[in-house]
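Trainee: got a predicted model here, sequence first, then my questions.
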Amino acid sequence: MQVTATEAKNRFGHICAQAKREPVFVEKGGRIDSVILSVEQFEALQAPQKQKSMALRRKEFNEKYKDWIAEQNQHFEAHGLWCDGFVAWQE
């Protein structure tokens, strides 16, 4: 289904009911601007992202932040940990 933004605003309840059956494309300025989906459809789109394995998420993290990780490793090699020699209690 495709509706104008004005129609979506004026008939929001009907549009939400329709979105439970099929995606509703909202047109603004002659172009599709947004899509209204049911929560089930939205969750289905999100599912692959949630199911990423820990190994894949770790790989993506390491790739994205590799420069920061390298910088932290260099700092550690040069200075050690900030808490080296720190004793929380004494006997």
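Mentor: Received the coordinates, thanks. This is a predicted model, so every value here is computed, not measured. Numbers count the residues shown, from 1 in each chain.
Trainee: please report how far Val26 lies from Leu37.
Mentor: Taking C-beta to C-beta, to the nearest Å as the measure, Val26 falls 11 Å from Leu37. In short, each C-beta sits where N, CA and C put it, glycine included.
Trainee: no wait, Ala55
Mentor: If you measure Ala55 against Leu37 using C-beta to C-beta, the figure is 30 Å.
Trainee: between these two, who's got more neighbours?
Mentor: Remark: of Ala55 and Leu37, Leu37 carries more neighbours, 15 against 8, as counted by other C-beta atoms under 10 Å.
Trainee: quick one: the strands in this structure?
Mentor: Along the chain, counting by DSSP state E, strands occupy 2-4, 24-28, 31-36.
Trainee: buried ones in the second one?
Mentor: Translated: strand 24-28. By neighbour count on 16 or more other C-beta atoms under 10 Å, the buried set for strand 24-28 is Val24, Val26, Glu27.
Trainee: so which of those is the closest to Glu77?
Mentor: Closest to Glu77 out of these is Val26 (54.6 Å), distances taken as C-beta to C-beta.
Trainee: per-residue confidence for the closest one?
Mentor: Looking at Val26, its pLDDT is 96.
Trainee: which residues does it bridge with?
Mentor: When bridges are called by DSSP bridges, Val26 pairs up with Val3, Ser34.
Trainee: residues near the closest residue to Asn62 other than its chain neighbours, how many?
Mentor: Closest residue to Asn62 apart from its sequence neighbours, by C-beta to C-beta, 6 or more residues apart in numbering: Ile69 at 6.7 Å. Using other C-beta under 10 Å, Ile69 is surrounded by 13 other residues.
Trainee: still on that earlier bit, closest to Gln51 out of the buried residues of strand 24-28?
Mentor: Looking across the buried residues of strand 24-28 and measuring by C-beta to C-beta, the closest to Gln51 is Val24, at 27.0 Å.
Trainee: ok, Ile36 to Val24 distance?
Mentor: For Ile36, the distance to Val24 - C-beta to C-beta - is 4 Å.
Trainee: anything in contact with each of those two?
Mentor: Ala8, Ile15 (C-beta atoms under 8 Å, 6 or more residues apart in numbering).
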